[in-house]
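Chemist: Fold the following for me, if possible:
(one chain, ligands or ions: 1)
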Amino acid sequence: MPLRFTKMHGLGNDFVVLDGVRERIDLTPALAARLADRRFGIGCDQVLLVEPPQLPETDFHYRIFNADGSEVEQCGNGARCFARFVRDTGLTDKAEIPVGTAAGPLLLKVQPDGQVSVDMGVPKLAPAEIPFVAERQAPHYTLDVDDGAVAIAAVSMGNPHAVLQVANIDRAPVTELGPRIECHARFPNRTNVGFVQIQDRGRVRLRVWERGTGETLACGTGACAAAVAGHLWGELDPDVAVTLPGGTLVIHWQGLGKPVQMTGPATRVFDGEIDL
Ligand SMILES: N[C@@H](CCC[C@H](N)C(=O)O)C(=O)O
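Modeler: Numbers count the residues shown, from 1 in each chain. Model (predicted):
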């Protein structure tokens, strides 16, 4: 049976999106990894499965699988692509779409210019909620890596993030430190790892080593986590333009106890089908 899919991206963070509302799709971790494979499959950073609603007061549910097949809780660029997908394929005509994820409900707003704004919820900072092993919550933690130590912030945007500040993003050791911190024993569920260069109080540059995928051109939850970390460090204002290798996201966070708002584009690339 051929499987129909839509290829999408949010600032180059690319997705295979599957319509589990119109078709019954049994997406296993092995199938997700096969679809995501850039040589033997379609190729993407994450696979998104759109499903009927499971949580009260939501219109849809969507599930997220990393390229290695691991199912995860949250995906910022994926949320924006999900919104464009359900609108462009006629599953909804609403501009405001409540959707459930493994991390809880989200509210997505498709703007008149096609950009999508997402209420990403309140970031979690308590170590046990990330999860991160630490005695108490702090804006900086010292993490032993190999023979040295690095300073990180630890933030959950529904999924775990370590954020490191660097002086020059072009020379950041993303591919060297990223995989070591991703699998560090103090992150029992592994973690995404953001390297942030703060340019001024309203602008940062960011590269992200994503859990289960590797370095991507953009990470929406990573952009939110970096804005939260910079704010906690006292170095960023509530409105921050986060420039990733694939483009810029606008993040708004007013501080502790407030939800993070993310705005950016979502692009449909092509539709296709694959024989399994
Ligand atoms: N690309 C995403 C995040 C996808 C999930 C992540 N790799 C994880 O394992 O938590 C985004 O835009 O947020």
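Chemist: drop to CA atoms for contacts and neighbour counts, all remaining ones
Modeler: Will do.
Chemist: where along the stretch 51-200 of the chain do the helices fall?
Modeler: Read by DSSP state H, counting those that start in this stretch, the stretch 51-200 of the chain holds these helices, from start to end of the chain: 76-88, 174-182.
Chemist: Looking at these, which is nearest to the ligand?
Modeler: Counting by CA to the nearest ligand atom, the ligand lies closest to helix 76-88 out of those; the figure is 3.7 Å.
Chemist: Reformat the helices of the stretch 51-200 of the chain as TSV; add mean pLDDT.
Modeler: Rendered in TSV, the data for those read as follows (pLDDT from 0 to 100):
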stretch	mean pLDDT
helix 76-88	98
helix 174-182	98
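Chemist: ok, and which of those helices has the densest surroundings?
Modeler: For the helices of the stretch 51-200 of the chain, ranked by mean neighbour count under the definition mean count of other CA atoms under 10 Å, the leader is helix 76-88 at a mean of 24.
Chemist: Just the mean pLDDT for stretch 259-273, thanks.
Modeler: The average pLDDT for stretch 259-273 rounds to 98.
Chemist: first to last residue in it, what's the distance?
Modeler: The separation between the terminal residues of stretch 259-273, taken as CA to CA, to the nearest Å, is 38 Å.
Chemist: sorry, back to before: could the helices of the stretch 51-200 of the chain be laid out in a markdown table, adding distance to the ligand?
Modeler: Putting those into a markdown table (distance: least, CA to the nearest ligand atom, whole Å) gives the following:
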| stretch | distance to the ligand |
| --- | --- |
| helix 76-88 | 4 |
| helix 174-182 | 10 |
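Chemist: Out of the ones you listed, which is closest to residue 255?
Modeler: The minimum distance between residue 255 and the helices of the stretch 51-200 of the chain falls on helix 76-88, with 19.0 Å, by CA to CA.
Chemist: Please name every helix or strand in contact with that closest one.
Modeler: Using 3 or more CA pairs under 8 Å, 6 or more residues apart in numbering; DSSP states H and E as the contact definition, the elements that helix 76-88 packs against are strand 2-10, strand 13-19, strand 46-51, strand 104-110, strand 116-119, helix 220-232, strand 267-275.
Chemist: which regions of this structure sit below the pLDDT cut-off?
Modeler: Within the chain, the set of residues satisfying pLDDT under 70 is empty.
Chemist: Tell me the residues of it that contact the ligand?
Modeler: Neighbours of the ligand within the chain, by CA under 6 Å from any ligand atom: 66, 72, 74-78, 159, 210-212, 219-222.
Chemist: With respect to residue 112, which of the residues you listed is nearest?
Modeler: residue 77 (18.3 Å).
Chemist: Pretty sure that closest one sits against residue 12.
Modeler: No: at 9.3 Å, residue 77 and residue 12 do not qualify as touching, with contact defined as CA atoms under 8 Å.
Chemist: shared neighbours of these two, which are they?
Modeler: Counting by CA atoms under 8 Å, 6 or more residues apart in numbering, the residues touching both residue 77 and residue 12 are residue 218.
Chemist: Could you single out the most deeply buried of the helices and strands packed on helix 76-88?
Modeler: Each of the helices and strands packed on helix 76-88 was scored by mean neighbour count; the highest is helix 220-232, a mean of 28, by mean count of other CA under 10 Å.
Chemist: Show residues contacting that helix.
Modeler: Residues outside helix 220-232 that contact it (CA under 8 Å, 6+ apart): 74-77, 123, 139, 153-157, 159, 161, 163, 192-194, 196, 198, 206, 208, 236-238, 240, 242, 249, 251-253, 255, 260, 262.
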